[in-house]
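In: Could you work out the structure for the sequence below:
(one chain, ligands or ions: 2)
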Amino acid sequence: MTDNTSLWPAPLASGAVDATVTVPGSKSVTNRGLVLAALASEPGWLRRPLRSRDTLLMAEGLRAMGVGIEETVSSNSASVPDAPGGTGEAWRVIPAGLRGPATVDVGNAGTVMRFLPPVAALADGPVHFDGDKRSHERPLHGVIDALRLLGARVDDGGRGSLPLTVHGGGSLTGGPVEIDASSSSQFVSALLLSGARFNQGVEVRHTGGPLPSMPHIRMTVDMLRAAGAQVDTPESGGEPDVWRVTAGALLGRDLVVEPDLSNAQPFLAAALVTGGRVTVPDWPERTTQPGDALREIFTAMGGRCELDERGLTLTGTGRIHGIDVDLSEVGELTPGIAAVAALADSASRLRGVAHLRLHETDRLAALTKEINGLGGDVTETEDGLVIRPRPLRGGVFHTYEDHRLATAAAVIGLVVEGVEVENVATTAKTLPDFPDLWSAMLGGGGSRG
Ligand SMILES: O=C(O)C1=C[C@@H](OP(=O)(O)O)[C@@H](O)[C@H](O)C1
Ligand SMILES: C=C(OP(=O)(O)O)C(=O)O
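Out: Ligands and ions are numbered 1, 2, ... in the order given. You can find the predicted model right below:
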């Protein structure tokens, strides 16, 4: 059991940080890779997968439905080929007839609670889903309603949320469906990821307010295409807000998972707020990850970014500027940007992120309360935050079981003495090694060389 009340004294930087930090694999790529590999018609590999609470829950959920997932540390043996660039962890995924009865623990992973019910609809028996208390409050109606319209039987006790049981019938009719995905892009991704395995494929039409996190939908589409699926999108000449996946077999892939660019954020922010320099190796030249937007955002906030063969290097200039920015496409970056904004030389306005109220915690309320608790001046707006920097003081920063609240607090703690982060272990959701990576960055363990 995690001790939710333990306090981690956030280390104060003794000067400008100068480090190279190797960031583990992307949560979003790993969990899509697992689902697509499980639905493929042949075995596949995931190399350098993220090993964290969210991805282990995804693997366990798929295993519960009969999928084989072997976790190996690669060697030079022929049976476990090396990941490019050296040895590393590799997961072998062996698809199988999906089965029920099964039970899936979703924890508080949006990807697991949304991506797996459509997979379960293909199983040959009931699959029960439940998770952390917070998972009961996160929106799931888009997936539940869509699955019913596509031919599945879902028993959610009329709640429109977890816990629920999908009564898999071995196959799903599929076809066209309309959903309101304004509360989470993951509704769209979830239906598309399994759509190639529905008898009639799937056509998802979003009706409703603006759709958040578009890069994550592009990630879904790119990964489906790489697995051989035919996908029609608004960008490929289709109608706005309509995505179509044609029924067909998916290929087993050999996928190397990119570093998690959203988890790179606190380390890059460390360079920015201490006027130092941090390099993140293996930063992809092209990617659908929203974290790539940090190059632009942190440049506007005063950093200098250079992408070359060493990776992405962010150099702080000693000055941090406020920013007025719409973060609807990259909502998961908001806590880290808010932390930097609280230390800037001018006010910031973060817009387009009302849906963050339904993330791991109500992130807008939590950031407001905790930064203000250190003496800050943050106000919530209808769709975001206004942050007016003020001198901050030490104190306890509560994290509400939200990994990104914990890493945001660590960034503030670099330059504000006496910040204590409650339950830093909650970073295990996507970055279990965070405290060690952070100390290594500061202590020379992550230094250049
Ligand atoms: O599909 C994904 O991998 C994700 C989509 C986004 O969800 P929302 O659209 O619900 O914000 C993002 O915030 C989340 O961290 C990961
Ligand atoms: C919103 C997030 O996660 P989830 O996949 O649980 O939605 C996140 O990681 O910032």
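
In: Output the below-cut-off pLDDT ranges for the protein.
Out: Per-residue confidence of the chain (counting by pLDDT under 70) places the weak regions at 1-3, 74-87, 444-449.

In: Residues of it that sit close to ligand 2?
Out: With Cβ under 6 Å from any ligand atom as the criterion, the chain meets ligand 2 at residues 109-111, 332, 359-360, 404, 430. The C-beta positions use only the backbone N, C-alpha and C, and glycine is treated the same way.

In: Neighbour-wise, which one of those residues leads?
Out: Scoring these on neighbours with other Cβ atoms under 10 Å, the highest-scoring entry is Arg404 at 31 neighbours.

In: if I pick the residue nearest to that residue when sequence neighbours are not counted, what's in contact with it?
Out: Computed as Cβ to Cβ, 6 or more residues apart in numbering, the closest residue to Arg404 that is not its neighbour in sequence is Pro335, at 4.1 Å. When contacts are counted by Cβ atoms under 8 Å, 6 or more residues apart in numbering, Pro335 is found next to 363, 367, 402, 404-405, 407-408.

In: Save those as TSV, and put in secondary structure too.
Out: Putting those into TSV (DSSP: H, G, I helix; E, B strand; the rest coil) gives the following:
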residue	secondary structure
Arg363	helix
Leu367	helix
Asp402	coil
Arg404	helix
Leu405	helix
Thr407	helix
Ala408	helix
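
In: Number of residues surrounding Arg286?
Out: For Arg286, the tally of surrounding residues (other Cβ under 10 Å) stands at 6.

In: Quick check: it is in a helix.
Out: No. When three-state DSSP is applied, Arg286 is found to be coil, with no helix at that position.

In: Contacts only, for the closest residue to ligand 2 within the stretch 101-250 of the chain.
Out: The nearest approach of the stretch 101-250 of the chain to ligand 2 comes at Gly110, 2.5 Å away (Cβ to the nearest ligand atom). If you count contacts by Cβ under 8 Å, 6+ apart, Gly110 has them with 138, 184, 186, 359.

In: just to revisit the earlier point, and the residue nearest to Arg404, helix, strand or coil?
Out: When the structure is reduced to helix, strand and coil (three-state DSSP), Pro335 reads as helix.

In: Also the one 4 residues further on?
Out: Three-state assignment for Ala339 (three-state DSSP): helix.

In: Report whether stretch 407-416 contacts ligand 1.
Out: No. Judged by Cβ under 6 Å from any ligand atom, stretch 407-416 makes no contact with ligand 1; its nearest approach is 13.2 Å.

In: Could you number the chain from 26 rather than 1 from now on?
Out: Sounds good: first residue 26 from here, last item stretch 432-441.

In: Now Asp155. Nearest residue, chain neighbours left out?
Out: Sequence neighbours aside, Pro188 is the residue nearest to Asp155 in space, at 3.9 Å (criterion: Cβ to Cβ, 6+ apart).
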